[in-house]
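Participant: My questions are about this predicted structure, shown below with the sequence.
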Amino acid sequence: MTVAAEALKHVWFHATSPQALRAEGGLTVFNKGEGCYLIDEDGRRYLDGLSGGAFVTNVGHGRAEIADAMAAQARELAYVSPYNFVAPATVKLAGVVADLAPGDLERVFFTSGGSEAVETAMKIAKQYHWLGGDQKRTKVISRRGSYHGSTQYAMSISGASHDFNNKIFGPLVPGCVHVPHNNCYRCEYGLSRPGCRTLCASMIEKAILHEGPETVAAIIAEPVPAAASIYPAPDDYLPMLREIADKYGVLLIIDEVIDGFGRTGSMFACQQWGVVPDIMTVAKGLTSGYVPMGAAIASKRVSARFEAASGREAGLNHVLSFGGHAVAAAAALKNIEIVQREGLVENSREMGKYLLDGLESLRRLPLVGDVRGRGLLACVELVRDKQTREPFRPQDQMSVRMTNYMRDEGVLVRTYQVVEFGPPLTAGRAEVEMIITGLERAILRFAADVGLA
């Protein structure tokens, strides 16, 4: 039995139907990773345009020093319970993360990944208000089209695939209030900047007033929503959210699970907007995927309320068995060292500009409706009609075709209504040029397929 056949028999794949996996090119077995490249079982080499498939491997594949750091830690101490035990590596990592985080974000609750980090942030926000005597503050404001994870609470506050999730997994967690997204290319109000006066942010204030400020615990937002078509927030959007949160005593949670640790050209994306959240969630780039790990990082103001409490209520009533795992902490420490030592945040900013400039040059092609991104997180939105911005129909099979055509060009990408790019932060000009030239050929090929060349 081949590895692929055995996988199809025993592995329950995430978010992919068995039919899609059994289709030609539906399942790929990768044996090795080297830097920005993945090598499949047949020896074919692909540019990893998605950093492992989910914007994860920021430092690239095959980093022996991370593996060595993990092995060294495992030989000394692999695991202790996070209740009231801790390993030195975990303590050191908490300090490093706190030093890197913006503003007064200083208390770190470690998790096994991004969904858990969001779940943790929501519990921190609720208990923060409970300890302050605001027991009615239980609701959270999020955006349609957003993605914050797949656990029940994280899924409930996510706007992406909300209809599907509500139909299949409902009832979802109550108190999750969704407002219009901030995708300027597809503004839900049909407006454009600057005349819109950032109505999408103002609607968050209106939602708080409608629900009753005394019932709202938090606002959660991604600076650049990667799972929702990669649209960076307008310049004044996040500052407006900070102002609204302060005005009504609501906590601001910034989700940096994908954006963090250099992906958008700064250590954390919110720094580009000059905004410090009350809680920030991170994962993915924290360890570059060498081991699962995430975190919710709380401000001094938030953690101080727990410090001032007494009895059982003083502790966050939340436990994750593998939170702060010593081996994961060792991997994260070495990963962050590499990011800083090799100047990967700066490289993300520089190569991100080179990538966006190259993608912008493709606007001349048929089907290219929009180009957007920050750092090494970018996308090209394809449309049937540039004037009307009409999206492609299911029968056009744009997603499958463009993904496969890019594979033919030797580049792994993810395609929904947009073609998404997020290569490792080690990518250089050769990799960026491979993406741009491959995309141009793939677009022209698809345009001919659908009679729109």
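Facilitator: Structure's in. What do you need?

Participant: can you tell me which residues contact the most centrally placed residue in the chain?
Facilitator: By C-alpha atoms, centre = their mean, the chain has its centre lying nearest to Ile258, at 2.7 Å. By C-beta atoms under 8 Å, 6 or more residues apart in numbering, Ile258 lies in contact with 54-55, 114, 222, 224, 226-227, 284-285, 377, 422. (C-beta placed from N, C-alpha, C; glycine too.)

Participant: Nearest to Ala72, out of these: which one, please.
Facilitator: Gly285 (22.1 Å; C-beta to C-beta).

Participant: ranges for the helices of the stretch 151-300 of the chain?
Facilitator: Taking DSSP state H, counting those that start in this stretch, the helices of the stretch 151-300 of the chain run over residues 152-157, 162-169, 199-211, 237-248, 300-308.

Participant: how about those helices in CSV, adding mean pLDDT?
Facilitator: Converted to CSV, those look like this (pLDDT from 0 to 100):
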stretch, mean pLDDT
helix 152-157, 93
helix 162-169, 86
helix 199-211, 97
helix 237-248, 98
helix 300-308, 96
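
Participant: hang on, the earlier thing: what number of residues lie near the closest residue to the residue nearest to the centre of the chain other than its chain neighbours?
Facilitator: Nearest residue to Ile258, sequence neighbours excluded (C-beta to C-beta, 6 or more residues apart in numbering): Ala226, at 4.2 Å. Counted with other C-beta atoms under 10 Å, residues neighbouring Ala226 total 24.

Participant: So Ala226 is in contact with Gly375, correct?
Facilitator: No. Using C-beta atoms under 8 Å, Ala226 is not in contact with Gly375; the gap is 11.1 Å.

Participant: Pull out the buried residues from the host helix or strand of Ser115.
Facilitator: According to DSSP states H and E, Ser115 maps onto helix 114-131. For helix 114-131, the neighbour count (16 or more other C-beta atoms under 10 Å) marks 114-130 as buried.

Participant: any idea which helix is longest in the chain?
Facilitator: helix 429-449 (DSSP state H).

Participant: Contacts for it, please.
Facilitator: 36, 47, 49, 351, 354-355, 358-359, 361-362, 365-368, 380, 382, 398, 401-402, 405-406, 408-411, 419, 421, 423, 453.

Participant: For PyMOL, write a command that selects the buried ones of the residues you listed.
Facilitator: Applying 16+ other C-beta under 10 Å to those, the buried members can be selected in PyMOL as follows:
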select buried, resi 36+47+49+351+354+355+358+359+362+366+367+368+380+382+398+401+402+405+406+409+411+419+421+423
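
Participant: give me the low-pLDDT residue ranges for the stretch 151-300 of the chain?
Facilitator: Applying pLDDT under 70 to the stretch 151-300 of the chain flags residues 228.

Participant: those strands in it, which residues are they?
Facilitator: Assigned strands in the stretch 151-300 of the chain, in chain order: 176-179, 216-221, 251-255, 279-282, 294-299 (criterion: DSSP state E, counting those that start in this stretch).

Participant: how close does the nearest residue to Phe306 once chain neighbours are set aside get to Val91?
Facilitator: Of all residues not flanking Phe306 in the chain, Ala314 sits nearest, at 5.8 Å (C-beta to C-beta, 6+ apart). Per C-beta to C-beta, to the nearest Å, Ala314 is found 20 Å from Val91.

Participant: ok, now Arg22?
Facilitator: Remark: distance between Arg22 and Val91 (C-beta to C-beta) = 47 Å.

Participant: do the same with Leu362
Facilitator: For Leu362 relative to Val91 (C-beta to C-beta), the value is 48 Å.

Participant: And for Pro213?
Facilitator: The gap separating Pro213 from Val91 is 38 Å, by C-beta to C-beta.

Participant: So these two - more neighbours on which side?
Facilitator: Each of Pro213 and Val91 has its neighbours counted (other C-beta under 10 Å); Pro213 has more, 16 against 13.

Participant: The more buried one - nearest residue in space that isn't next to it in sequence?
Facilitator: Excluding the flanking residues, the one nearest Pro213 by C-beta to C-beta, 6+ apart is Tyr248, at 4.2 Å.

Participant: swap in Gly62?
Facilitator: Glu34 (4.9 Å).

Participant: do Leu382 as well
Facilitator: Leaving aside its sequence neighbours, Leu382 sits nearest to Leu367 (C-beta to C-beta, 6+ apart; 4.7 Å).
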